[in-house]
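Novice: give the three-dimensional model of this entry:
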Amino acid sequence: MMRSMCQSAKDYFDTLNRVATTIDYGIIDQLVERLVQARGDNRPVFVFGNGGSASTSGHFGLEFTMTGQAGGPKALQVRSLSDNVGLLTALANDISYDEVFRYQLESYASAGDIAIAISGSGNSPNILNACQWAKDNGIIVIALTGFDGGKLKELADIHINIPSNNYGIIEDLHMSIGHIIGQRLHQILAIA
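Specialist: Below you'll find the predicted structure:
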């Protein structure tokens, strides 16, 4: 039987577990602190990415918003800039795909808000354009990357890197980080 690119499930999970041990968990705690502060300050959080990272950004929006409770603590205000297909395609067609996230940040974000960019390579032009605009305009830039972080790591106030060249591993661990953050936010905000 021909072996896949991942070789086998065991190889994949062995690699995933090995890479997971290299993550700086303290940075995840810093990100949680920023998000708790954003909620306390009534600041919105904007999340975005391309491809699989677009799906992850939508899931982050779900996880972080569900930290609120009906009749209880107010939810964190989270907007995935990757979720509105009509707007994305209009911006890509009428302006440029390189501007789809920058345009939205410029329309919605203010100094002190948070932008979370998710990019496996850290080099996607539309991600870099948005993060450069955010940095220039006082928005806190948080980056989740893979590989060596690409150019995005230089624009980030908080950078969480998955040091792998396997997009599956990178995306799996980005999603896991989102779940960790969502669960931690729920714990903190439920007692607030």
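Novice: low-confidence ranges, the chain, go.
Specialist: 1-7, 68-72, 191-192 (pLDDT under 70).
Novice: run through the helices of it in chain order.
Specialist: Per DSSP state H, the chain carries helices over the ranges 9-20, 25-40, 52-65, 85-94, 100-108, 125-136, 167-190.
Novice: can you add mean neighbour count and distance to L76 and give the ones you listed back as JSON lines?
Specialist: Bear in mind the C-beta positions are built from the backbone N, C-alpha and C, glycine included. Conversion of the helices of the chain to JSON lines gives the following (neighbours: other C-beta atoms under 10 Å; distance: least, C-beta to C-beta, whole Å):
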{"stretch": "helix 9-20", "mean neighbour count": "13", "distance to L76": "25"}
{"stretch": "helix 25-40", "mean neighbour count": "16", "distance to L76": "5"}
{"stretch": "helix 52-65", "mean neighbour count": "21", "distance to L76": "5"}
{"stretch": "helix 85-94", "mean neighbour count": "13", "distance to L76": "22"}
{"stretch": "helix 100-108", "mean neighbour count": "19", "distance to L76": "15"}
{"stretch": "helix 125-136", "mean neighbour count": "21", "distance to L76": "18"}
{"stretch": "helix 167-190", "mean neighbour count": "19", "distance to L76": "7"}
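Novice: got TSV for these, with distance to I118 too?
Specialist: Shown next, in TSV, are the helices of the chain (distance: least, C-beta to C-beta, whole Å):
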stretch	distance to I118
helix 9-20	16
helix 25-40	12
helix 52-65	4
helix 85-94	15
helix 100-108	11
helix 125-136	8
helix 167-190	6
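Novice: do you know which of the ones you listed lies nearest F147?
Specialist: F147 sits nearest to helix 167-190 of all those, at 7.7 Å, using C-beta to C-beta.
Novice: chain center to the closest one, what's the gap?
Specialist: Distance, stretch centre to chain centre, for helix 167-190: 10 Å (C-alpha atoms, centre = their mean, to the nearest Å).
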